[in-house]
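*Asks:* I would like to see how this sequence folds:
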Amino acid sequence: MNGAQSLIRTLVDSGVDVCFSNPGTSEMHFVAALDTVPEMRGVLGLFEGVVTGAADGYARIAGKPAATLLHLGPGLGNGLANLHNARRANTPIVNVIGDHATYHKQYDAPLESDIEAVAGSLEGWVRRSEHTKDVGADAAAAVAASQDAPGQVATLILPADASWGEGGETCAPIPPRIPQAVDANTVKKIAEVLTGGEPVALLIGGSATREEGLRATSRIAAATGVKAFVETFPSRLERGEGLPMIERLGYLAEQVAYQLDGIKHVIIAGTKAPVSFFAYPGKPSNLVPEGAQVHVLAEAGQDIPRALNAIADLVAAETEPVLQQAARPALPSGPLTPQNWVDVIGALLPDRAIIADEANTSGLLLPTATAGAPRHDVLTLTGGAIGYGMPVATGAAVAAPDRPVINLQSDGSALYTISALWTQARENLNVTTVLLNNRAYAILRLELQRVGADANGPKANELLDLSRPDMDFVKIAEGMGVPATRATTAEELAEQFQRALAEPGPHLIEAMVPTLF
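*Replies:* Residues are numbered from 1 along each chain as shown. Next up, the predicted model:
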């Protein structure tokens with residue numbers, strides 16, 4: 001057994017049986033070893049950002065890590081943006097980075113780089129396997145580290161000679177560290193804040209945005225009158241009929257100021273106190289109302305749903321959660337607008353759908369339109385690095401082949417990782433992409449105004465415009481092997497969306513929607 005074989009066998013034995021890959025020369029023994037461990041599924045991505053984003057989407061849905069296979073420091077660099085999003089989502093990923101053979105590094109070959117420095121920016125777990133006999137044990141440690149609560153990116157650097165060398169040894173799975181309970185004193189103090197008579201906001205995130213945490217939060221809000229919010233960009237939010245509908249905290253600072261107006265206490269559970277996404281001239285970065293106190297119920301690595309249930313048992317013992325009733329918008333008609341396309345999705349969203357949402361400005365009204373749809377999951381852009389939607393949808397579809405995956409995708413963000421469509425076609429994944437084409441970086445047009453810069457200059461506006469030439473996403477998708485259509489009216493979008501959901505495999509609908517900004 002060589003090192004690569006011991007690595008893959010140990011990964012599989014530890015529950016990691018999917019590897020999203022974009023390999024190079026130093027990873028060829030890993031590639032060859034895939035045929036000796038048939039339980040490992042290898043999925044090729046044409047760009048490392050697709051590989052890392054797919055691993056993120058897979059783990060968010062599967063509840064366990066996938067592996068990546070990346071080529072040296074530049075490969076890791078290409079995948080870094082979606083690893084950043086995974087870091088913010090606390091997603092468990094086993095990130096395998098091939099490196100030059102140990103004896104070759106002294107020659108400073110063209111692809112030589114400081115892999116540890118790049119991987120260290122992810123603030124996760126990093127280890128280099130120096131010897132073939134250690135590779136299996138290092139792999140087991142990486143899997144365990146990735147799943148240490150609340151989850152992280154674990155990077156294992158694999159020198160080529162450690163990979164091809166004989167004498168590899170497998171290692172038994174290592175249990176990860178589980179979430180720790182919140183102490184009883186903290187629970188008691190938070191309960192006192194909730195019943196103290198002053199206005200309180202409860203902000204939940206992390207594992208609290210699934211059914212158990214949502215139900216406990218709803219009980220607390222119903223019994224005490226606390227304003228409850230989900231963090232702005234949750235890793236995985238369960239929504240729809242039969243679940244509590246907890247409002248998400250706004251993206252814009254002005255929205256948050258309105259939502260938290262008059263609040264004297266902010267309780268946070270599994271997330272952080274709200275801050276502005278960017279700095280703006282003359283506006284505060286800290287969005288906690290002036291004079292309000294922040295109280296931490298649970299950190300991200302603690303058992304957040306259990307803590308919320310403990311609070312609910314103290315302050316809402318006889319209170320049931322308020323559950324969302326089934327409700328759908330009527331199918332709209334006429335030309336597509338930023339206001340009506342979301343009603344098409346809300347009216348037709350299938351049961352158990354997974355939404356990978358990177359609609360950005362075009363999707364501002366989406367939460368309202370889908371609130372009463374059949375139960376579904378929403379995956380959001382946790383770290384703000386665009387180009388996440390298509391890869392995350394790809395990984396989610398690998399994790400849940402029996403569920404419909406809906407990628408709501410803006411045009412500008414799509415272009416970062418559009419080669420994910422090719423992977424969807426090759427793997428025959430059930431992903432329906434609705435691509436909102438407004439031929440602009442509309443979010444940046446908004447930000448240009450909000451930072452107080454002069455928004456009238458022709459050169460400035462040129463950098464935010466995606467026309468001349470106009471991109472044809474139908475042809476681009478078809479060139480990647482994905483059937484595609486174009487919709488300009490609500491009727492066309494409804495018909496094409498229904499047809500795409502009814503047929504197996506990937507589809508793309510280019511929805512021509514005017515820009516809001």
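*Asks:* Pretty sure residue 163 sits against residue 5.
*Replies:* No - look at residue 163 against residue 5 with Cβ atoms under 8 Å: they stay out of range, at 9.2 Å. In short, each C-beta sits where N, CA and C put it, glycine included.
*Asks:* ok, these two, which is more surrounded?
*Replies:* Using other Cβ atoms under 10 Å as the criterion, residue 163 and residue 5 rank with residue 163 on top: 28 against 22.
*Asks:* tell me the contacts of that one?
*Replies:* For residue 163, the contacting residues are 2, 3, 4, 7, 26, 27, 29, 30, 98, 132, 135, by Cβ atoms under 8 Å, 6 or more residues apart in numbering.
*Asks:* Try it again at 6 Å.
*Replies:* For residue 163, the contact set (Cβ atoms under 6 Å, 6 or more residues apart in numbering) comprises 3, 4, 29.
*Asks:* Next, it: secondary structure please.
*Replies:* Put simply, residue 163 is helix when judged by DSSP: H, G, I helix; E, B strand; the rest coil.
*Asks:* What does the pLDDT read for it?
*Replies:* Looking at residue 163, its pLDDT reads 98.
*Asks:* I'd like the distance between it and residue 431.
*Replies:* Noted for residue 163: a distance of 33 Å to residue 431, by Cβ to Cβ, to the nearest Å.
*Asks:* the helices in the stretch 51-200 of the chain, which residues?
*Replies:* Secondary structure of the stretch 51-200 of the chain (DSSP state H, counting those that start in this stretch): helices at 72-78, 80-88, 115-120, 135-147, 160-164, 184-194.
*Asks:* Go through those and name the closest to residue 413.
*Replies:* Smallest distance to residue 413 across the helices of the stretch 51-200 of the chain (Cβ to Cβ): 10.9 Å, for helix 80-88.
*Asks:* which residues are in contact with the closest one?
*Replies:* Helix 80-88 is contacted by residues 49, 52, 53, 56, 93, 122, 153, 382, 383, 385, 388 when judged by Cβ under 6 Å, 6+ apart.
*Asks:* Now residue 339. Nearest residue, chain neighbours left out?
*Replies:* Excluding the flanking residues, the one nearest residue 339 by Cβ to Cβ, 6 or more residues apart in numbering is residue 365, at 6.1 Å.
*Asks:* does the one you found really touch residue 342, like I thought?
*Replies:* Yes - taking contacts as Cβ atoms under 6 Å, residue 365 lies within contact range of residue 342: 4.9 Å.
*Asks:* which of these two has more neighbours?
*Replies:* Taking neighbours as other Cβ under 10 Å, residue 365 and residue 342 compare with residue 342 leading, 25 against 17.
*Asks:* ok, that one - contacts?
*Replies:* Residue 342 makes contacts with 365, 366, 369, as judged by Cβ under 6 Å, 6+ apart.
*Asks:* Angles on the backbone of the nearest residue to residue 204 once chain neighbours are set aside, please.
*Replies:* Spatial nearest neighbour of residue 204, chain neighbours left out: residue 269 (4.9 Å); criterion: Cβ to Cβ, 6+ apart. As for residue 269, its main-chain torsions (degrees, to the nearest 10) stand at phi -140, psi 100.
*Asks:* my guess is residue 269 meets residue 296, correct?
*Replies:* No - counting by Cβ under 6 Å, residue 269 does not reach residue 296; the two are 8.0 Å apart.
*Asks:* returning to what we had before: need the helices of the stretch 51-200 of the chain in JSON lines with distance to residue 452, can you?
*Replies:* Formatted as JSON lines, the helices of the stretch 51-200 of the chain follow (distance: least, Cβ to Cβ, whole Å):
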{"stretch": "helix 72-78", "distance to residue 452": "33"}
{"stretch": "helix 80-88", "distance to residue 452": "27"}
{"stretch": "helix 115-120", "distance to residue 452": "34"}
{"stretch": "helix 135-147", "distance to residue 452": "42"}
{"stretch": "helix 160-164", "distance to residue 452": "52"}
{"stretch": "helix 184-194", "distance to residue 452": "37"}
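*Asks:* Ok, which of the ones you listed comes nearest residue 300?
*Replies:* For residue 300, the closest of these is helix 80-88, at 10.5 Å, according to Cβ to Cβ.
*Asks:* tell me the phi and psi of the nearest residue to residue 72 once chain neighbours are set aside?
*Replies:* Leaving aside its sequence neighbours, residue 72 sits nearest to residue 111 (Cβ to Cβ, 6+ apart; 4.9 Å). Main-chain dihedrals, residue 111, degrees, to the nearest 10: phi -90, psi 10.
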